[in-house]
Each structure stands twice: as C-alpha cells, then as structure tokens.
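Chemist: take this sequence and fold it.
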Amino acid sequence: MVRPDRAGTGSAGRERLLREAQSMARVSSPHAVTVYEAGTYGDQVFVVMEFVAGTTLTQWIGEVPRRWREVVEVFSQAGRGLWAAHQAGLIHRDFKPDNVLVGDDGRARVADFGLAHAVAEAASPAQPRMALPSGHVLEASSTVTGALIGSLPYMSPEQHRGAKVDARSDQFSFCVALWEALYGQRPFVGASPEELRSRTLASEIAPPPEGARVPATLRRIMLRGLQVDPARRWPDMAALLAALERVGRRRGRAGLWAAGAALAVGLIGPWRSEHVQEDMCAGAGSEIASVWGEGRRAAVRQAFLATGRAEAGEAWSQVVFRLDAYAEEWAEAREAACRAANEAEGTGTREQTHLELACLDRSLGELRALVVAFTEDAEGVLANAVKAAVKLRPLAVCRERPELALQIAPSDPAVAVQVQALGSRLDEIAALLKAGEVERALPRAREAATQAELLGHEFTTAEALVLLGSLQSHAGDFAAAEATLFAAALTAERGNNLSALVRARTELVVAIGFGQGRSDEALRWGALALNALGRDTGDPMEVRLRTAMGLVQARRGDREAASNELERALALAEASLGPDHLGVATVVGHLAALRVEAGDLAAARSLLTRALEIRRRTLGASHPDTAQTQARLDTLAAP
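Modeler: Got it, this is the predicted structure:
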C-alpha cells in the first residue's frame, strides 16, 4: 500500500502512481523486482510485486569488508536490471544502493522504479527547474511534478539542471554508487545541496582515499560514466557492463555478464577490445561457482539429509557426483565457446558460436533452477533428484545443434527483454518437471503460457505450450495435453521453432497413443515428428520418440514393429547418452517386457539384469526404481 502522503492529493496523484506502477510492470528481468499488478483500494494505491528475502545493497556493502571483485559483480547484476529497463523504454531516474535488493540467493535486483518514466515522456520539454531544498536534505528525494527527480547525491548533471534525461543519466548514477561502494566515499561531495550541485556540474571529483585498492582500469571506466556531457559517457549500459567484464577477465575471473539467449547475438559484439592482449576467455566458465559452488553444494546436502529418509545419503552422493561433473563440463565448454566466438569475429561462423554461448547460458539457468528446487523442497524432489540431475540439458547439444536450445529474439527490444525473462522462467518449470514436481509446476506453466501468448512471440509461446502439455500428460490429463500440444505444434510451425515442433509431435504420440489408445493416429504424429527431426541427427529427442512409438506399436499388438522401434531407440540412446545412462535402462526395461510377452524369458532376464546394474550405479541400491527392477527380475528367476 502506497502511503497517502506519497501519492499526492486527489485523483491526479493516484493516476500518476498507477502509471508509474504500470511502467514498472513492463520491466522483466531476473535483476529487476517484478511488478505483477497495480490498482486502488479505497483512496490508496496498491502495488503487487515480487517479495525478495534479503537486504539492500547499502546494507550488503556494510555487512563485511568486500573485495572489489565482489562489489563489481553485484553492481553488474544491478546494471543488467537497468539495461532491461532501458530496453523496455524506461529510465529509472533514482538509481542508488538503497534501491537495489540483494536476495539471500545472492542475486541483485533493481527496485523502486516508482520514479521511472517512459523515455518518450522523459524527452518532452523539461519543466522549469525548482530551487534546491535547503537544510539536512542531502539524502532527500523529490518526485513532485516539475521538481527535481531523484536522490541528490546520485543525480546526474542534467537532473541537477532540470534538463532532459535519458538512459545515460542512470549510467551516471550507477557510477556514483559504484564509486562510493569501492572507495567508501562518493565522487562528488558538498556541505550543502548547492555545493554538491556546483561540484557535480563542474566535475570536481574528490580524490580517492590513500591506500584504496581499486584497479586504475576500473577507475577509468567509472570516470567515463561520470562525464558531465552525456555524449562523452558510455554509449549505453551494455557497453559499460562489457568494460567491467573485461576488468574481471584480465585477472582470470569469470565474465560478470552472461548474455541471455534472447539478447546474446546483439550484445556479445561490443564485449571485444582490440587493445586487450591477454586471453580474455581464461576463466570464462567460473560463473558456474555462483550456481554450484561450495555454498550451494552444502545447502543441498543439508536439505537432503534433513529429510531423515533412508535414501537421502545415497541420493546426495549421486547428485553431487553428477552435478560436479556437469559443472566442470559447463565451465570447460563456456571457455572454449568464448574463444571460438572471439576467433570467429568477422567470419561466417560468428553467429553459430554466439548461439553456442547463448545455449550454454540457458543450460546454466536450468541448473540454477534445479539447485533451487533441491534446496527449497528436498522432501518433494528426493525420489527424483538423481534422475533430474541426469536429465539436465546435454551440453553437447550446445556445440552440435545450438539452435535447438535458443530463443529467436523479437525485433522489439521491450518484448525481447520480457522474452528473455520468460525463458528463464520456463527453465525453472522444466527443472521442476524433471524433478517430478508436477503439481508445483503445472500452475506456473499455465501462467507462463498465458504470458507468452500475450507477448505475441510465437517461438516462445510454442516452448511454453510444449512444457504445459508435457506436464498435463505427466498428470494423467491426456485430453487436455492433446489440445495443448496440438496448439503447440501449430504455433511452433508459425514461429519457426524446430525443437518445439519435434517435442510437441513426440508428446502427442504419448498423449494420444499411450494415454488414450488411438494408436494409428499417434503413429502418424510420430512419423511427422521424425520428418521434422531429420535423418541421422543423433538427437536424444529421437530416443524418446522411438520409445514412444515402440510402446504404441506394442499396445496395438504389432510385436515385431515394437521391437524394431525399441531396438533403434536403444542404439540411439547408447550412442547419444552413453551405455550407462538412465535413458538406456528405461529402453532396456521396455524391451525386456516385450521379450516376456514373446515368451523369451532368458532374453528378458539378460535385459533386466543390465537395467538393474545401470540403476544401481546411477540411483543406488535403495532407490525405488532399483527395487522395482530387482522385483521384476526376481519374478523371472530360473526354476
């Protein structure tokens, strides 16, 4: 609820706040606080926004001594939030550490866009500048129409003059706040508001304290952002953040800004510097530490063991083994892709390498979502934790067919930012599906599909509908799944989303053939899926497709056709996933059932023995799937 004294008087004040809240809702980024709704309750304005458990950036800086790298990393995250706002056509006008929240998850989010206005509105003729307030108001903010807007110590020169502002004004405030966090004092100081204004307009920057351990390169980056003339600052926040990233990379640190899939191709270009001789990609994969480092590893272990379940210890040992390997592979792949992207500048392979980087960033988002699910609901996901870790997006896909994991960016920058945020949300929902959390994932998937349709971006809408349809199938609502997946297939074709098209048609085989018994119709969808997938792709999706078609053939009584499909699926699984993958055990189990029906018990026992060995190694001896396979094998024991 907005305090009445902040809303102004009468309906005009309420309408202004509502407009501001609606502007906030246009910003969609992991690094900006999300606004869901705004309205009035009686005479008061209310805003429904994301709850962030954590602290302000001001408090975070003061909690313990911070290394400059830590400070730059968190500010870079906040910078991404500002960039998202700018891409949506908004400027913040009051960026300062108190308006940045640092969550308990370590993620920074820009908050309090209550002063944000559309750039078009900001470009209108400026109101006459009001006199600066006097007294102890150096920390004061003003939002009164026609008055100065912002917090005095962080205001840009154009704000002090009451002149037109743009995104570069936020850049100035950002550099003031970053300077303060690194040096412990602001670049412009004054005993009164007028003195502060005078020194800001004259660019009289206070000298840094003696002994300050801040790289000179970093200081130069901030000084450019603090130029009085906006034209002499960085072209935009993307360029400023790219410069900050290069500082971190020179010291072997990971990039501070991993471009989202929707913006990757457009933003990677400015990162290069012809004057940097060092290997800019050394350590480019160390961002993985923030997703699966010691702290997160310990949190998941504690959550698993706190369930008190007998299988928790074994599940933890399997999960940590697999996520450690995945993290190591991701770091190596990210560094290699970074070098390939640099080498490809100016060549025909440039776009392909940038797609690979974007694909890897989406994979990191999926891993992040899975770790959060492990931590927040260990009780609910424990039974499927190892399987979920195994089912993480194969990183080889990013190298071999990165376009299958990439969102095509809309031409409208404002929509592109929202699509990027929605892609991250879909990754989180997919992680819940892989962890078996269908009930938790379903309402989120419905909401995401609705949001995607409202955005009108068919590529992303297809992704959301496929995910929703898959969840409906897992929930046993096959009729609803069929309708959703049919819509997904149509939308994927219109949106040129090949991956979603293949997955929609594959899931239709399951929903129609396995779920509803319409075998012939399901097999036609399977043929269409194979046609879209192409020949000899080695894509893991073909394993699921061939398996589903084999089960449908078995259901309709064609044992030979079923065997052929399942044997193809097994060969594909062994080649694309590895001989000891859980996916191999699944196909082997279906083949064993087919051999039992044919009366070939010896072959069935051999197949089940292999499936049991894989599940013991992967899931552990006490896992329910392992126990179930053992029970099946026991029933076939030779007399």
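
Chemist: so where's this structure uncertain?
Modeler: 4-13, 114-150, 211, 248-284, 344-354, 401-417, 535-539, 638-639 (pLDDT under 70).

Chemist: give me the residue at the spatial middle of this structure.
Modeler: The chain has residue 424 as the residue nearest its centroid, 3.3 Å off, counting by Cα atoms, centre = their mean.

Chemist: just the CA coordinates of the helix or strand hosting that residue, formatted as CSV?
Modeler: Using DSSP states H and E, residue 424 maps to helix 413-434. In CSV, the C-alpha atoms belonging to helix 413-434 read as follows (Å, rounded to 0.1, in the frame of the first residue of the first chain):
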residue,chain,number,x,y,z
PRO,A,413,13.7,-4.6,-27.6
ALA,A,414,11.0,-4.2,-25.0
VAL,A,415,9.5,-7.6,-26.0
ALA,A,416,13.0,-9.1,-26.2
VAL,A,417,13.6,-8.3,-22.5
GLN,A,418,10.3,-9.9,-21.5
VAL,A,419,11.0,-13.0,-23.7
GLN,A,420,14.4,-13.4,-22.1
ALA,A,421,12.9,-13.3,-18.6
LEU,A,422,10.2,-15.8,-19.6
GLY,A,423,12.8,-18.1,-21.0
SER,A,424,14.4,-18.2,-17.6
ARG,A,425,11.0,-19.0,-16.0
LEU,A,426,10.5,-21.8,-18.4
ASP,A,427,13.9,-23.3,-17.5
GLU,A,428,12.7,-23.2,-13.8
ILE,A,429,9.5,-25.0,-14.7
ALA,A,430,11.3,-27.6,-16.8
ALA,A,431,13.6,-28.3,-13.8
LEU,A,432,10.5,-28.9,-11.6
LEU,A,433,9.2,-31.4,-14.2
LYS,A,434,12.5,-33.3,-14.3
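
Chemist: helices or strands next to it in the packing?
Modeler: helix 68-87, helix 350-376, helix 385-390, helix 438-455, helix 458-474 (3 or more Cβ pairs under 8 Å, 6 or more residues apart in numbering; DSSP states H and E). From N, CA and C alone the C-beta is placed, and that goes for glycine too.

Chemist: list the contacts of the fourth one.
Modeler: Outside helix 438-455, the residues that touch it by Cβ atoms under 8 Å, 6 or more residues apart in numbering are 377, 380, 410, 415, 418-419, 422, 425-426, 428-429, 432-433, 460-461, 463-465, 467-468, 471-472, 474-475, 484.

Chemist: one more pass at 7 Å, please.
Modeler: By Cβ atoms under 7 Å, 6 or more residues apart in numbering, the surrounding residues in contact with helix 438-455 are 415, 418-419, 422, 425-426, 429, 432-433, 460-461, 464-465, 467-468, 471, 474-475.

Chemist: ok, and what's touching the helix holding residue 424?
Modeler: Contacts to helix 413-434, defined as Cβ under 7 Å, 6+ apart, come from residues 26, 28-30, 84, 87-89, 260-263, 362, 365-366, 369-370, 373, 388, 391, 407, 409-410, 440-441, 444-445, 448, 451-452, 455, 457, 460, 463-464, 467, 470-471, 474.

Chemist: drop anything exposed from those residues.
Modeler: Buried by 16 or more other Cβ atoms under 10 Å: 26, 28-30, 84, 87-89, 260-263, 362, 365-366, 369-370, 373, 388, 391, 407, 409-410, 440-441, 444-445, 448, 451-452, 455, 457, 460, 463-464, 467, 470-471, 474, out of these.

Chemist: can you give me the buried ones in the helix holding residue 424?
Modeler: For helix 413-434, by 16+ other Cβ under 10 Å, it's 414-434.

Chemist: quick one: it to helix 68-87, angle?
Modeler: Relative orientation of helix 413-434 versus helix 68-87 (axes from the mean of the first three to the mean of the last three Cα atoms, to 10 degrees): 120 degrees.

Chemist: how near is residue 299 to residue 291?
Modeler: In this view, residue 299 and residue 291 are 12 Å apart by Cβ to Cβ, to the nearest Å.

Chemist: who's more crowded, the two?
Modeler: Of the pair residue 299 and residue 291, residue 291 is the one with more neighbours under other Cβ atoms under 10 Å, namely 19 against 16.

Chemist: number of nearby residues for the nearest residue to that one once chain neighbours are set aside?
Modeler: Nearest residue to residue 291 in three dimensions, chain neighbours excluded: residue 368, at 4.8 Å (Cβ to Cβ, 6 or more residues apart in numbering). By other Cβ under 10 Å, 22 other residues sit near residue 368.

Chemist: can I assume residue 368 is in contact with residue 293?
Modeler: No. In this structure residue 368 lies outside contact range of residue 293 using Cβ atoms under 7 Å: 11.6 Å.

Chemist: so what's residue 592 up against?
Modeler: When contacts are counted by Cβ under 7 Å, 6+ apart, residue 592 touches 604, 607-608, 611.

Chemist: now with 10 Å, please.
Modeler: Taking Cβ atoms under 10 Å, 6 or more residues apart in numbering, we find residue 592 in contact with 566, 600-601, 603-611, 629, 632-633, 636.

Chemist: now do whatever helix or strand residue 335 lives in against helix 350-376, angle only.
Modeler: Residue 335 belongs to helix 312-343 when assigned by DSSP H and E. Angle of helix 312-343 versus helix 350-376, following the same axes, to 10 degrees, is 160 degrees.

Chemist: start the count at 35, not 1, going forward
Modeler: Sure thing, new numbering starts at 35, so read that last one as helix 346-377.

Chemist: assumed residue 136 was part of a helix.
Modeler: No. Residue 136 is assigned strand when assessed by DSSP: H, G, I helix; E, B strand; the rest coil, not a helix.

Chemist: look up how far residue 99 lies from it.
Modeler: From residue 136 across to residue 99, the span is 16 Å (Cβ to Cβ).

Chemist: so between the two, which is more surrounded?
Modeler: residue 136 (23 against 7).

Chemist: surely the more buried one meets residue 108?
Modeler: Yes. In this structure, residue 136 is within contact of residue 108 by Cβ atoms under 10 Å, at 6.4 Å.

Chemist: report how many residues lie close to residue 340.
Modeler: Residue 340, neighbours per other Cβ under 10 Å, totals 11.

Chemist: pretty sure it contacts residue 408?
Modeler: No. Contact between residue 340 and residue 408 fails when scored by Cβ under 10 Å: they sit 11.7 Å apart.

Chemist: out of the contacts of residue 626, which end up buried?
Modeler: Among those, those classed as buried by 16+ other Cβ under 10 Å are 600, 638-639, 641-642, 644-645, 663, 666-667.
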